[in-house]
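1. Below are the sequence and a predicted model for it; my questions follow.
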Amino acid sequence: MSWDETERLEAQLQGRLSGRIHDLRVRVRDEGLVLQGHARTYYAKQLAQQAVMEASSLPIRANEIQVR
């Protein structure tokens, strides 16, 4: 996945998640994706993971979104 594709995926997710994840970043690591950012609830963290699974063919290696 290229840098441009990663940026497009981040923008798509932000729109879909309606601001539930702050500072959302999607990183490519070991031929998979790592999610980073901050959420207010575990539900929002799970929504982000589900949205990435639907939007990308790469597997999720880690969901590092912090719940605060």
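-> The structure has been received and is ready for your questions.
2. Identify the residues contacting the residue nearest to Gly37 when sequence neighbours are not counted.
-> Leaving aside its chain neighbours, Gly37 sits nearest to Leu24 (4.1 Å; criterion: CB to CB, 6 or more residues apart in numbering). For the C-beta atoms, the positions are set from N, CA and C on the backbone; glycine is no exception. Going by CB atoms under 8 Å, 6 or more residues apart in numbering, Leu24 touches 10, 13-14, 17, 35-37, 48, 65.
3. how much space is there between Leu33 and Arg25?
-> Leu33 sits at a distance of 10 Å from Arg25 (criterion: CB to CB, to the nearest Å).
4. And the two? Which one has more around it.
-> Neighbour count, other CB atoms under 10 Å: between Leu33 and Arg25, Leu33 has more, with 23 against 13.
5. Tell me what that one is bridged to.
-> Residues in a beta bridge with Leu33, per DSSP bridges, are Val28, Ile60.
6. Verify the stated contact: it with Asn63.
-> No: at 9.2 Å, Leu33 does not count as touching Asn63 under the criterion of CB atoms under 8 Å.
7. what about the strands in this protein?
-> Counting by DSSP state E, one finds strands in the chain at the ranges 21-29, 32-39, 60-67.
8. For Met53, find the nearest of those strands.
-> With CB to CB as the criterion, Met53 lies closest to strand 60-67 of these, at 6.5 Å.
9. if you take the average position of the protein, which residue is closest to it?
-> Among the residues of the chain, the one closest to the centroid is Leu35, at 4.4 Å (CA atoms, centre = their mean).
10. For ChimeraX, write the select line for the buried members of the contacts of Leu24.
-> In ChimeraX, a selection of the buried entries from the contacts of Leu24 looks like this (16 or more other CB atoms under 10 Å):
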select :10,13,14,17,35,37,48,65
